[in-house]
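S.K.: Here is my input, please return the structure:
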Amino acid sequence: MRVIAELPHPECKITLFNMNQKYIIKFEQGTLEQSYKLSELDLSGGGANEIFQILDEAFIATVVERFKGMRSDFSEAYNRQQY
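M.R.: Below is the predicted model of the structure:
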């Protein structure tokens, strides 16, 4: 797996990888991460620039909200196990 690019964003780290004819878009925020996979065949040949067009602010906002939900879900699960 090799890093193709990083997209700067104030709320999360966004890294684009390439592996086995797939692009992997990884979002990281603290100890949490989300990843999305796209086949190279699903794109029209624009590579990283085409993927960065897909990653508009509306989509990134949903990713950031999902991080909030993930953090809350994990915290609740962790707290249920504490005595």
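S.K.: which element is the residue nearest the centre of the chain on?
M.R.: Centroid-nearest residue in the chain, with Cα atoms, centre = their mean: Phe27, separated by 2.8 Å. Counting by DSSP states H and E, the element that carries Phe27 is strand 22-29.
S.K.: Kindly report the same for Val3.
M.R.: Using DSSP H and E, Val3 maps to strand 2-7.
S.K.: in that strand, what's buried?
M.R.: For strand 2-7, the neighbour count (16 or more other Cβ atoms under 10 Å) marks Ile4, Leu7 as buried. Every C-beta, even on glycine, is put in place using the N, C-alpha and C of the backbone.
S.K.: quick revisit: chain center to the strand holding Phe27, what's the gap?
M.R.: Per Cα atoms, centre = their mean, to the nearest Å, the displacement of strand 22-29 from the mean C-alpha position of its chain is 4 Å.
S.K.: Adjacent strands (with direction) for that strand?
M.R.: Next to strand 22-29 in the sheet, as set by DSSP bridges, lie strand 13-19 (antiparallel), strand 32-39 (antiparallel).
S.K.: quick one: that strand to strand 2-7, angle?
M.R.: Here strand 22-29 runs at an angle of 50 degrees relative to strand 2-7 (axes from the mean of the first three to the mean of the last three Cα atoms, to 10 degrees).
S.K.: So what touches strand 22-29?
M.R.: Strand 22-29 has contacts (Cβ atoms under 8 Å, 6 or more residues apart in numbering) with 1, 4, 11-18, 33-40, 43, 51, 55, 60, 63-64, 67.
S.K.: Same question for stretch 41-57.
M.R.: The contact list for stretch 41-57 (Cβ under 8 Å, 6+ apart) reads Ile4, Ala5, Leu7, Ile14, Leu16, Gln21, Tyr23, Ile25, Leu38.
S.K.: now the fourth one: how far from Asp73?
M.R.: Spelled out, that is Ile14. Per Cβ to Cβ, to the nearest Å, Ile14 is found 22 Å from Asp73.
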